[in-house]
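> A structural model of the following input is requested.
(one chain, ligands or ions: 1)
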Amino acid sequence: MGTPIRAVIWNEFIHEQEHEAIRKIYPKGIHQVIAEALEKTGNFSVSTATLDQPEHGLSKELLENTQVLYWWGHIAHDKVQNEIVERVKQRVLEGMGLVVLHSGHYSKIFRSLMGTTCSLKWREAAEKERIWVIEPSHPIAQDLPVNEGGYFEIPHEEMYGERFEIPVPDELVFVSWFQGGEVFRSGCCWNRGAGRIFYFRPGHESYPTYYNTAVQKILVNAGYWAAERVKIQDRCPNSPALEPLPEPPAEFGQAGIVQNLEDIQ
Ligand code: ZN
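Numbering: from 1, shown residues only. Got it, this is the predicted structure:
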């Protein structure tokens with residue numbers, strides 16, 4: 001590939017610091033494992049950001065130069081400042097890609113961009129997740145280590161079950177089945193403004209999911225797919241006609257400057 005894609009991995013980074021069992025799996029944090037997965041392709045220039053940093057590590061300048069932002073959050077969604085959420089949202093609408101991971105389904109940024117509650121069913125029972133690749137031609141599904149049946153498995157994961165309260169995805173790439181019987185739309189794509197959003201379900205902090213080869217490949221592909229291609233800044237201009245127009249009839253005023261309603265009735 002040409003110029004590396006500028007990616008930022010955002011993580012609230014609390015479980016890994018507060019719980020010994022989770023620190024054992026992700027000693028430097030979930031964000032570092034994802035960053036390394038992207039870096040080893042040679043196609044990304046990666047930095048990380050966490051909740052405890054000033055502006056949660058998401059300054060205007062950094063976001064201006066970010067092509068794709070990955071988001072992992074869980075217990076501190078409410079600690080993310082609304083101003084930063086709005087800043088990220090504007091960048092997505094301008095064209096920045098957003099990859100929302102696992103419990104990020106309940107993040108302020110994801111719910112704001114979806115416009116729905118993004119609620120779901122869940123159960124933490126370390127059960128098997130079978131991930132079906134239902135759109136094998138999709139860019140995010142390329143070169144995955146799937147078996148002949150067209151799926152791969154994660155031996156231990158948290159269960160997320162339908163109904164997932166999201167708007168109908170523009171593209172649905174993966175569907176999960178769980179040992180306990182539920183199903184879930186686990187790889188969903190949306191377009192919002194000029195930006196692309198991908199939600200990927202696996203990634204509970206208690207399991208080593210982000211070391212899984214298939215999961216890493218999906219995160220890499222999601223970065224390729226979602227990375228900003230054009231930046232379209234928000235403007236809503238008054239636009240002069242390209243071709244000559246006749247004089248408008250006198251009885252039609254302009255919104256906001258009609259002086260006397262009775263004159264046009
Ligand atoms: Zn979880």
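> tell me the pLDDT at the residue of the stretch 101-250 of the chain found nearest the ion?
The stretch 101-250 of the chain approaches the ion most closely through His204 (3.5 Å), counting by CB to the ion. In short, each C-beta sits where N, CA and C put it, glycine included. Note for His204: predicted pLDDT of 98.
> check contacts around it.
By CB atoms under 8 Å, 6 or more residues apart in numbering, His204 lies in contact with His102, Ser103, Glu124, Glu157, Glu158.
> I'd like the next helix or strand past the helix or strand harbouring Gln90.
Assessed by DSSP states H and E, Gln90 sits inside helix 82-94. Counting by DSSP H and E, the element after helix 82-94 in chain order, helix or strand, is strand 97-101.
> okay, now the sheet partners of that next one, with direction.
Sheet pairing of strand 97-101 (DSSP bridges) gives strand 68-72 (parallel), strand 195-200 (parallel).
> Cys189 contacts Pro167, correct?
No - taking CB atoms under 8 Å as the definition, Cys189 is not a contact partner of Pro167, at 11.6 Å.
> comparing those two, which shows the higher neighbour count?
Taking neighbours as other CB atoms under 10 Å, Cys189 and Pro167 compare with Cys189 leading, 20 against 12.
> which SS class is the more buried one?
When classified by DSSP: H, G, I helix; E, B strand; the rest coil, Cys189 comes out as strand.
> residue contacts, the closest residue to it other than its chain neighbours?
Once flanking residues are discounted, Cys189 sits nearest to Glu171: 4.0 Å by CB to CB, 6 or more residues apart in numbering. Neighbour list for Glu171: Glu135, His138, Cys188, Cys189 [criterion: CB under 8 Å, 6+ apart].
> quick one: the contacts of His204 as TSV, columns for secondary structure too.
Shown next, in TSV, are the contacts of His204 (three-state DSSP):
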residue	secondary structure
His102	helix
Ser103	helix
Glu124	strand
Glu157	strand
Glu158	strand
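> of these, which is the most crowded?
Glu157 (26 neighbours).
> look up which residues are beta-bridged to that one.
With DSSP bridges as the rule, Glu157 is bridged to Glu127.
> and it, what does it touch?
Ala126, Glu127, Lys128, Glu129, Phe178, Pro202, His204, Tyr207, Thr209.
> could the strands paired with strand 97-101 go into a markdown table alongside mean pLDDT and distance to Thr213?
A markdown table is the format used below for the strands paired with strand 97-101 (pLDDT from 0 to 100; distance: least, CB to CB, whole Å):
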| stretch | mean pLDDT | distance to Thr213 |
| --- | --- | --- |
| strand 68-72 | 99 | 18 |
| strand 195-200 | 99 | 15 |
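> from Val220, how far out is Tyr207?
Tyr207 is 20 Å from Val220, where distance means CB to CB, to the nearest Å.
> check Ala141 too.
Distance from Ala141 to Val220, by CB to CB: 12 Å.
> just to revisit the earlier point, and the pLDDT at the residue nearest to Cys189?
Looking at Glu171, its pLDDT stands at 98.
> what about it, distance to Gly203?
Using CB to CB, Glu171 is found at 20 Å from Gly203.
> got it, and Val173?
From Val173 to Gly203 the distance is 16 Å (CB to CB).
> tell me which of those two has more neighbours.
A side-by-side neighbour count of Val173 and Gly203, using other CB under 10 Å, places Val173 first with 27 against 22.
> mind checking which helix or strand that one is in?
Element membership for Val173 (DSSP H and E) is strand 171-178.
> surely Ala227 and Gly97 touch.
Yes - between Ala227 and Gly97 there is a contact at 5.2 Å, judged by CB under 8 Å.
> which neighbours do those two have in common?
Gln67, Val68.
> more neighbours: those two, which one.
Gly97 (25 against 20).
> relative to the ion, how far out is the more buried one?
In this view, Gly97 and the ion are 23 Å apart by CB to the ion, to the nearest Å.
> could you report the neighbour count for the nearest residue to that residue once chain neighbours are set aside?
In space, and not counting its chain neighbours, Gly97 is closest to Ala226: 2.7 Å by CB to CB, 6+ apart. Other residues lying near Ala226 total 26 when counted by other CB under 10 Å.
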